[in-house]
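In: Mind folding the following:
(2 chains)
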Amino acid sequence: QLQLEESGPGLVKPSETLSLTCTVSGGSISIGTYYWGWIRQPPGKGLEWIGSTDYSGSTYYDASLKSRVTISGDTSKNQFSLKLRAVTAADTAVYYCASFNLATSGPFDYWGQGTLVTVSS
Amino acid sequence: DIQMTQSPSSLSASVGDRVTLTCRASQSIGRYLHWYQQKPGRAPKLLIYAASRLQSGVSSRFSGSGSGTGFTLTISNLQPEDFGTYYCQQSYDTPAPTFGGGTKVEIK
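Out: This is a model prediction of the structure:
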């Protein structure tokens, strides 16, 4: 069973870069049947997909965030990371990493516990 | 982008009730539809995948149906622990999944 855990700063200043890492245990991020994704949830709001990466390093981003986002994987550490540039208060949210299971038609079947990132000076 | 619309936005029901939540897609998505339960301060939990398949370990009181553009999640014999917000998610447009806005379920 996969386990995912997010880590990174909980406070980021406006215009700076938000950086988070997701550490995966219980399986390899090199598995071809998974994408590895980031999802966020602003306070009191719904879930927003940010982007994903796959075993080959290919990346996929939400169109509205594409210009500011980079997702990358590190197979040696079994981690994948999120960088979101030029943040504003609107980027304040709980950020989740999750595994997207291609073998079962694409649900996010395992999630990290989430980490709250606040954008404030 | 495929838009997902959930209804109602909230509901209140009594223990033992049968509750039905609806999710509609802006275009046909086959059966690429999944349901999650989220409790306050917790990560979403997968309940149903591929429209009707029960995730391992999830109570059989949860069931899903539908295909194309219309889907339902039914909770039979509602229990106190079933409170929370329920989200649907489409994966037809992989790798660009989208979520519905959620239905908040409260126990009377």
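In: what number of residues lie near the spatially closest residue to residue B:12 that is not a sequence neighbour?
Out: Excluding the flanking residues, the one nearest residue B:12 by C-beta to C-beta, 6 or more residues apart in numbering or on different chains is residue B:106, at 4.5 Å. C-beta: built from backbone N, CA, C; applies to glycine. Using other C-beta atoms under 10 Å in any protein chain shown, residue B:106 has 11 other residues around it.
In: Which positions in chain B make contact with chain A?
Out: B:1, B:31-32, B:34, B:36, B:42-46, B:49-50, B:53, B:55, B:87, B:89, B:91, B:94-102 (C-beta under 8 Å from any C-beta of the partner chain).
In: Can you turn the buried part of those into a PyMOL selection?
Out: To isolate the buried ones among these in PyMOL, judged by 16 or more other C-beta atoms under 10 Å in any protein chain shown, type:
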select buried, chain B and resi 31+32+34+36+43+44+45+46+49+50+55+87+89+91+95+96+97+98+99+100+101+102
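In: In its sheet, which strands sit next to the helix or strand harbouring the residue nearest to residue B:12, and in what direction?
Out: Per DSSP states H and E, residue B:106 falls inside strand B:103-107. The pairing partners recorded for strand B:103-107 under DSSP bridges are strand B:10-13 (parallel), strand B:84-90 (antiparallel).
In: what about the strands in the chain?
Out: Assuming you mean chain A. For chain A, the strands defined by DSSP state E cover A:3-7, A:11-12, A:18-25, A:34-41, A:48-54, A:59-61, A:69-74, A:79-84, A:93-101, A:108-111, A:115-119.
In: wrong one, I was asking about chain B
Out: Along chain B, the stretches classed as strands by DSSP E are B:4-7, B:10-13, B:19-25, B:33-38, B:45-49, B:53-54, B:62-67, B:70-75, B:84-90, B:98-99, B:103-107.
In: Can you find the residue of chain B that comes nearest to chain A?
Out: Residue nearest to chain A within chain B: residue B:91 (2.7 Å; C-beta to the nearest C-beta).
In: pLDDT score assigned to that residue?
Out: Note for residue B:91: predicted pLDDT of 95.
In: follow-up on the earlier one: for the residue nearest to residue B:12, give its distance to residue A:46.
Out: From residue B:106 over to residue A:46 the distance is 17 Å, taken as C-beta to C-beta, to the nearest Å.
In: Same check on residue B:53?
Out: In terms of C-beta to C-beta, residue B:53 sits 23 Å off from residue A:46.
In: Repeat that for residue A:34.
Out: Taking C-beta to C-beta, one finds residue A:34 at 24 Å from residue A:46.
In: if you count what's nearby, which of the two comes out ahead?
Out: Between residue A:34 and residue A:46, counted using other C-beta under 10 Å, the more crowded position is residue A:34 (23 against 15).
In: From residue A:12, how far out is the one residue sitting closest to the centre of chain A?
Out: Centroid check for chain A by C-alpha atoms, centre = their mean gives residue A:38 as the closest residue, at 2.5 Å. As defined by C-beta to C-beta, residue A:38 lies at a distance of 15 Å from residue A:12.
In: What of residue A:65?
Out: Residue A:65 is 15 Å from residue A:12, by C-beta to C-beta.
In: And these two? Which one has more around it.
Out: Neighbours were counted for residue A:65 and for residue A:12 using other C-beta under 10 Å; residue A:12 has more, 20 against 17.
In: Nice, that's everything, thank you.
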